[in-house]
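# What shape does this take:
(2 chains)
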Amino acid sequence: MTSNDTALMAHLLRRAGFGANRDELERYLGMGYDDAVETLLNPSDPANIPDDLIRRYHVEQSELRDLPGSAAYWMYRMISTTCPSEEKIALFWHGLFATGYTKLNQARALLDQVDMFRRSGLGSFEVLLLELSRDPAMMLWLDNNENHRDSMNENFGRELLELFSMGIGNYTEDDVKACARAFTGWTLGNAEYMAVRAFKDSIWPYGRIAWHFEYREDDHDDGEKTFLGETGNFNGEEIIAIIVKQESTARFLATRLFQFFGADEVTEAGEKVIDEMMATYFSSGYQIRDMLRTLFHSGFFKSDEARFARVKGPVEMVVGAIRMSGNYQTPFLGIENVSRTMLYMGQGLLQPPTVEGWHEGVEWIDSGALVERVNFAAKELSNVSSPGVRSIIERLAASSEDGVLAPSDLADGCLDLLGPIQVSEETRSILVDYASRHGDLDLNGHQPGDEAEQQVGNMLRLVAATKEYQLA
Amino acid sequence: MTTTKREKSLIVIQLTGGNDYLNTIVPYGDGRYYDSRSTVNIPQEKVIPIDNQVGFNPSMGPIKTLWDEGHVAIINGIGYENPNRSHFRSMDIWHTAEPDAIGREGWLGRTIRDLDPQGDNVLTGINFGRGLPRAMACPGVSVTSVGDLATYGLFPDIEDEDLRMFTLEAFSKMYGGAAGRDPVMDLLSRTGQDSIHGADILRTAPAMYSSSVEYAPNALAQNVKSISQVFHADLGARILYTAHGLFDTHSGELPTHAKLLDDVAGAVGCLMDDLKEHGREDDAAILIFSEFGRRIKDNGSGSDHGSGGVAFLIGGAVEGGMYGEYPSLAEAQQLEGDLRSNNDFRSTYTGILEDWLGLDPVPIVNGQFEKMSLFQS
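Below is the predicted model:
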């Protein structure tokens, strides 16, 4: 049976990545837990489907002009990268600093923002907030291009405090105004023209033009401001330096990281981990990587309480199933229909519903979404011609000395190789009953797509349809 | 079936991509139309006249027939202030009834919540098409999405029917466990049961329906046929939604637009015939809308994103006629080269919610709007 080491490593890889097939899992097991954590927290030099190959097949992904092509482009990267943690981190920030295609009509600027999350998403939170405040997509999304010395627009200033750092209740309306004033003049190059084009959804006459940050000193309100009890002629940099010092910021960030990487619900044990992550936040100089290290090494994270304590988000569901099946590792002309299934499940990449991002956890589950989730994963994992499923069949065949698997061996083997997934006794007995339909499974001399392999496919389909598979 | 009082249903057809108002209800009596639309126009002799000023696109014959019967409300110049020409944003605005901020709840999601506050019927709101339009999205409100009524449900890819039934039985057992141990597992169980239940009921709909009406093979007509089947099966569906497109006719507009309008008019004509055949034409109203109209001047082959548009409300109980005003084509009256809207879409929503569905419109459309009275009194 599965050792706890294997189960724990699979757990870590579901959280820091999108789950792992057995080959990948064994590679990490070879490193040991501590080195695996370090590898995941220091993603370097990822390999994924190369851009030139994607561009040769997908005109729309070459131009990155529209939403479906751009979402599929990011999904390609998620399903093929050798550094899944890098994409998982980017997804976390995409949900927290939620910026959407609607209103921007500029997918390239959004993907530049995602690149920024890859680059800075594990470093200092102060640097990350600074980069966010200079991010052109964010500027337009929250109207900071309309935030002028003589006519203030509070949208960005407010959300920076409410949704991106401290959380409501930790500052006053005067702080919001001071914050917004400090960010006057922070805009994007040729902002007026770009805003009109975004508003009119026009690609004419020059197609999509890259956006870049611009600081307009003459539009900046350099007057004295009092912000969170400190007074000075603050600019945006000083405001962020004050924000990151706040305990509320530490709590906000630690909680959000905990809920995304640890558990949906914050229990008493979870509170203690959040406290430890907050302490790390301050002792490390606001380093996100160090906070996650604290989480991944905590007793809570390694305990049963944290296992399967998150509802998989749609992106995790789709990317996880595809990484397991091994499909779409080369350009596939129907790829937009694949990435669109995430939207059908309630989470379209690059199109969060609002600046609040997605409501996660149990809110992912409704009857329409559940049907999509089950149907997608069941279909993806039951196809015995997929490379990942073929590898599972080979491993199952090799797991038995005589090549014959009793129904319980088949059920347990599938649960193990798709996870290991921990299921209730009831679920397991239903799976075993299901496997008993054809008695013992003889995999001797199995051939691609034959009856025996199909039985494995059927078993994998039902495992992918379990309640437990909905959880990460 | 002898139900004494039937509840009213709203059927929504979304024209995705920005339907060209000027070539839908054509101002053929105004020379400025032909001046601005030197290439992308409907010639005078082809227009189906309504009066000596405006008329239907020639592809809209079936809707003209309904117009003559007094069942069609044409809502002219519909839109909102400071129109946004982005498809996504403008559609969001129509969906959430919230032009100024990015709204979270869809107006029909709220409507479904108010129609069925306890969430007793998973079929109160149904979208025909995959995913959920934002109009129907509302936290805590369950809406069913049907990609294809014939294969709706779990494991549609299993071809062997015995295996599919066997797998569904196993699924049903896995999601049928006793409640009480873990709230997330309970939610999953309940939702899994709801999915099976909804699919079981929906699967009965085609069998409960018979009709002499033959719908065209295009996607919209087939979705509208599914709507008709579910509606006539009396499953308590109140909001039935589907979308058709793509109306984003930047180039090659004339043939594309003709085909799309032909699809819409054909499907709506069939649906009304179907409703009449079942004596139900007074129980359903069909709203047709698009996120915006298109630029007054053509671009030589098509037309670009504009603002003021047209919507339709069709049904036996609808008071047919012209609503709103056709926006002027005079240059001084234009809005940056677009038709200027003169009535807010939320007035139409208000009329439908209050007069048809019997709900308080104010919290649904985010405020008090002058009601567009569109139904026979």
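# So which bits of the stretch 51-200 of chain A are right by chain B?
Contact residues, the stretch 51-200 of chain A versus chain B (C-beta under 8 Å from any C-beta of the partner chain): A:L67, A:G100, A:Y101, A:T102, A:K103, A:N105, A:A198, A:F199, A:K200. (Each C-beta comes from the backbone N, C-alpha and C, glycine too.)
# Enumerate every residue touching the residue nearest to the fourth one when sequence neighbours are not counted.
In this case it means A:T102. Once flanking residues are discounted, A:T102 sits nearest to B:F88: 3.7 Å by C-beta to C-beta, 6 or more residues apart in numbering or on different chains. Contacts for B:F88 were tallied using C-beta atoms under 8 Å, 6 or more residues apart in numbering or on different chains; they are A:L67, A:Y101, A:T102, A:K103, A:N105, A:D201, A:Q351.
# Mark which of those residues are buried, thanks.
A:L67, A:Y101, A:T102, A:K103, A:N105, A:D201, A:Q351 (16 or more other C-beta atoms under 10 Å in any protein chain shown).
# Keep only those of those residues that are in helices.
Judged by DSSP state H, the buried ones among the contacts of B:F88 include A:L67 as members of helices.
# Quick check: the farthest pair among the buried ones among the contacts of B:F88?
Spatial extent of those (C-beta to C-beta) is set by the pair A:D201 and A:Q351 at 14.7 Å.
# got any ranges where the stretch 1-150 of chain A has weak pLDDT?
Scanning the stretch 1-150 of chain A for pLDDT under 70 picks out A:1-2.
# thinking again about what came up before, out of the buried ones among the contacts of B:F88, the closest to A:S3 would be?
Closest to A:S3, out of all of the buried ones among the contacts of B:F88 and judged by C-beta to C-beta, is A:Q351, at 41.4 Å.
# Just the pLDDT at the closest one, thanks.
pLDDT, A:Q351: 92.
# Quick check: it vs A:S62, distance?
Look at A:Q351 and A:S62: by C-beta to C-beta, to the nearest Å, they are 21 Å apart.
# show me the residues around B:H197 that make contact.
By C-beta under 8 Å, 6+ apart, the contact list for B:H197 reads B:V122.
# That one should be in a helix, yeah?
Yes: applying DSSP: H, G, I helix; E, B strand; the rest coil, one finds B:H197 inside a helix.
# What residues of the helix or strand hosting A:A109 count as buried?
Here A:A109 sits within helix A:107-120, counting by DSSP states H and E. Within helix A:107-120, the residues scored as buried using 16+ other C-beta under 10 Å are A:A107, A:R108, A:A109, A:L110, A:L111, A:D112, A:Q113, A:V114, A:M116, A:F117, A:R118, A:S120.
# Could you export the residues you listed to TSV, including columns for distance to B:E7?
Below are the buried residues of helix A:107-120 laid out as TSV (distance: C-beta to C-beta, whole Å):
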residue	distance to B:E7
A:A107	43
A:R108	48
A:A109	47
A:L110	43
A:L111	47
A:D112	50
A:Q113	47
A:V114	47
A:M116	52
A:F117	49
A:R118	52
A:S120	55
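# can you name the two of those that are farthest apart?
Comparing all pairs in the buried residues of helix A:107-120 by C-beta to C-beta, the longest separation belongs to A:A107 and A:S120, at 20.4 Å.
# tell me which parts of the stretch 201-350 of chain B are close to chain A?
So the stretch 201-350 of chain B meets chain A at B:D304, B:H305 (C-beta under 8 Å from any C-beta).
# Tell me the residue of the stretch 201-350 of chain B that sits nearest chain A?
B:H305 (5.8 Å; C-beta to the nearest C-beta).
# pLDDT wise, what is the nearest residue to that residue once chain neighbours are set aside at?
In this structure, B:H305 finds its nearest non-sequential neighbour in B:R85, 4.1 Å apart by C-beta to C-beta, 6+ apart. Looking at B:R85, its pLDDT is 86.
# so what's B:R85 up against?
For B:R85, the contact set (C-beta under 8 Å, 6+ apart) comprises A:F199, A:K200, A:D201, A:S202, B:F292, B:H305, B:G306, B:S307.
# top of the residues you listed by neighbour count?
Among the contacts of B:R85, B:F292 has the most neighbours (other C-beta atoms under 10 Å in any protein chain shown), with 32 neighbours.
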